Every structure is written in C-alpha cells, then in structure tokens.
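Participant: no FASTA, just this:
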C-alpha cells in the first residue's frame, strides 16, 4: 500500500472515530435527558418542590432576618390557605382533563348561605353550617351533571354556572356584608377556623420545650388545609376511586373499555370539588371575620395558578394534591419575598405570570418526550 493510500485510510478511520464519539456523546446526552424526563414524569411534585426551595433560599438572602422569621412564614401560610384548598378542588377536576371556573363563586355562595342563614334568619348554626356544605355539594353536582349529561366542554359549562352562582350569590346575600360582631353573637362556630394559636404552646402542652417553634402563629384553617391535603392525597393514591380519576383523565376511552364508569367518576369529582369549595367557605368566613358577597373575587384564577405551578397537567392524568399545596406556597412565597425586597405589586404579578408559563412549558416538554 502506498503512503498516500495509507494516509487516506488513516484519515478515514479518524473521521469515523470522531463521528462515533460525537454519536456516542449525543446518545449519552439524550439518555440523560430522557432519564430526567422519566423522573419528572413519575414524580411531578419534584418540580414545584425544587422551585419552592430555591425561592425560599433566594428570598432568605434578599431579605435577611425578615423572610425566614417565624412570624412572616406564619403570615405566608395563612395567606395561601384558602387558595390551596380551592386548588385541591380544582386539582380533582383538572386531573380528569377538565376545568372548573366556578370554584370561587361556589365558595362565596356557600359562605353566604352559612352566614346569612345563621345571622339574618336566625337559623341555628348546626343547621346553617350543613346547609352551606350542601349548597357547595349541590353546585358541584350540577356542574358534573351538565358535563356528563349534555356532553359539553367543562370550560363552557362552568363558565355558565359561574354566572348563575354569581347571580344566586347576589340574590341571597342582597349584596349585604355581615359584620364580625354579628357573626360572633349569632354563630361564633363559623369564625372558629380563623382563630390563632401558637405552635410553641402545643409543644408545652405535651411537655416539650421546642424553642424553634417560638413565633409561629397558625390558624385552625391552616391545620384543616394540611389535614385535607393528606386525606385527598390518600384517596387519589390509595383507593380505586383515585385510580379511576387518573385513568379517566389520561385516556377516557381506554378507561371505559376497562370497565370504568367515567360519567360516574366525573359526577363524583365535580360534586366532591363543590364540597371542598364549601369547606373553603368556612375557612373564608374565619379569615375575613365575617361574610362578604364580594370576597374572593380572584379565587378562580388563583386556584388554577396553584394547580398549574404545582405540576398538575392541564391535559389530565398527571398531578397531585401535594403538588398543588406546593404551588400555592410558591405563589405566596414569591409575592411575600418580592414585597419584602421592595418590589411593587405589578412585579409580583409579573413573577407569577412567568412561573405559570414556565410550568406549562415544562409540562409540554415532559409530555412530548414521554410520548
């Protein structure tokens, strides 16, 4: 073989080796990306958890001595309680690939039924309170019935019932606010979830001296939020009903072929969401110390924001209650941290909007690669 031929063969071998190295690198890179995607697809709660931790660290540095103070963190927890509970109701619906634009109005209507029935009409609270829960359940059941019976998109149905529930709220409340003094006199039970207690005192009650709990002031409503998140997480993760919810949202046709009554699942989901909204109404009464037909006007969008940022897919079939809880906390942490950093309200809204877009982009990326 001549020197030129040998050189040409060596060059060709070198090019093939380089091409092989590049191909191997690309395969490794794709393998790492797919591994990350697989982890995020299996554990969607990881994303909001990471964002929450990173945000907490950033604001702890930006506002030293302020952001991580027990009192400030207690305020954040109190502020996100109602949004988180409504977000849990919204999560159930979105897991079935639907959406409920009426959750905020259901909450307000249920609070008006509870408060006005007890105060204005003198009905005993042990009757007025269940009536409020029943009102929320009935509103959710109506949403589910319209979605399943008329085969209409949930967006259209709940947009219509949003107006209906708003009109009923105005009619029954007579556009009147019930003051805290009147509530305290006629139905103090409805204000109970707004009462504060010190976590340190709980430790002392059990004979424990826990200095790191000093300064933490929590409402009973926040405790109820955590309990509700645990119960709903168990239902979705450990029961047949929970598996049916995920299956209905992931592929309704396949769910029907496997023997799942998807209409019954949807009806139960919307009814349960309405009941959870009524529980949020109880928390709302305690939070504002009265009943106002104008309270919680942004609750619909806030609940969807918590769900989306919490990693629940708008296309259904993937997400979690704990993720929504993290999503609500992320919004609360960012708003509070930016406020402590001296930024105006408009930049707080800007940050939340960016978080929503990033969350949906990540969801789309996960779905495309996993397909």
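Facilitator: Received it, and whenever you're ready, just let me know what you need. All of these numbers come straight from a predicted model, not from anything done at the bench.
Participant: quick one: contacts for residue 273?
Facilitator: 89-90, 92-93, 100, 103, 140, 143 (CB atoms under 8 Å, 6 or more residues apart in numbering). Yep, even glycine has a C-beta here, placed from its N, CA and C like the rest.
Participant: ditto for residue 229
Facilitator: 84, 88, 321-322, 325.
Participant: cool, and residue 200?
Facilitator: Residues near residue 200 by CB under 8 Å, 6+ apart: 210-211, 213-216.
Participant: Out of those residues, flag the one nearest to residue 279.
Facilitator: residue 216 (23.4 Å; CB to CB).
Participant: ok now do the residue lying closest to that closest one once chain neighbours are set aside, which residues does it touch?
Facilitator: Ranked by CB to CB, 6 or more residues apart in numbering and with sequence neighbours excluded, the top spatial neighbour of residue 216 is residue 199, at 4.1 Å. Counting by CB under 8 Å, 6+ apart, residue 199 touches 213, 216-218.
Participant: what is the mean pLDDT for stretch 166-183?
Facilitator: Stretch 166-183 shows a mean pLDDT of 91.
Participant: got a list of contacts for it?
Facilitator: Residues outside stretch 166-183 that contact it (CB under 8 Å, 6+ apart) are 105, 108-109, 112-113, 115-116, 119-120, 190-191, 285, 289-294.
Participant: ok but residue 307 is inside a strand, no?
Facilitator: No. Counting by DSSP: H, G, I helix; E, B strand; the rest coil, residue 307 is not part of a strand but helix.
Participant: re earlier: ChimeraX command for the buried members of the contacts of residue 200?
Facilitator: Of the contacts of residue 200, the buried ones go into a single ChimeraX selection, burial set by 16 or more other CB atoms under 10 Å:
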select :213,216
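Participant: Adding secondary structure, write the contacts of residue 200 out as a markdown table.
Facilitator: Formatted as a markdown table, those follow (three-state DSSP):
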| residue | secondary structure |
| --- | --- |
| 210 | coil |
| 211 | helix |
| 213 | helix |
| 214 | coil |
| 215 | coil |
| 216 | coil |
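Participant: Out of the contacts of residue 200, which is nearest to residue 73?
Facilitator: Of the contacts of residue 200, the one sitting nearest to residue 73 (CB to CB) turns out to be residue 216, at 7.5 Å.
Participant: what about the closest one, distance to residue 65?
Facilitator: Taking CB to CB, to the nearest Å as the measure, residue 216 falls 17 Å from residue 65.
Participant: Any stretches of the stretch 101-250 of the chain with poor pLDDT?
Facilitator: The model of the stretch 101-250 of the chain has no residue with pLDDT under 70.
Participant: switch to 80 and redo it
Facilitator: 200-213 (pLDDT under 80).
Participant: quick one, helices of it?
Facilitator: For the stretch 101-250 of the chain, the helices defined by DSSP state H, counting those that start in this stretch cover 103-119, 125-150, 154-173, 180-186, 199-205, 220-238, 240-250.
Participant: now, of these, which is deepest in the fold?
Facilitator: Burial of these is given as mean neighbour count (mean count of other CB atoms under 10 Å); helix 103-119 ranks first at a mean of 28.
Participant: which other helices and strands contact it?
Facilitator: Packing partners of helix 103-119 (3 or more CB pairs under 8 Å, 6 or more residues apart in numbering; DSSP states H and E): helix 70-95, helix 125-150, helix 154-173, helix 180-186, helix 262-288, helix 299-309.
Participant: Touching, residue 319 and residue 44? I think so.
Facilitator: Yes. At 6.1 Å, residue 319 and residue 44 qualify as touching, with contact defined as CB atoms under 8 Å.
Participant: Please identify which of these two sits among more neighbours.
Facilitator: Neighbours were counted for residue 319 and for residue 44 using other CB atoms under 10 Å; residue 319 has more, 26 against 22.
Participant: before we move on, back to that, which of the contacts of residue 200 sits closest to residue 149?
Facilitator: residue 216 (48.0 Å).
Participant: From the chain's centroid, how far away is stretch 265-273?
Facilitator: 17 Å (CA atoms, centre = their mean, to the nearest Å).
Participant: Likewise for stretch 233-250?
Facilitator: Here stretch 233-250 is found 17 Å from its chain centre; the criterion is CA atoms, centre = their mean.
Participant: ditto for stretch 104-120
Facilitator: Worked out by CA atoms, centre = their mean, stretch 104-120 lies 23 Å from the chain centre.
Participant: what does stretch 137-150 give?
Facilitator: With CA atoms, centre = their mean as the basis, stretch 137-150 stands 21 Å off its chain's centre.
Participant: how about low-confidence regions in the stretch 251-371 of the chain?
Facilitator: Residue ranges of the stretch 251-371 of the chain with pLDDT under 80: 296-297, 343-345, 362-371.
Participant: Kind regards, and thank you for your time.
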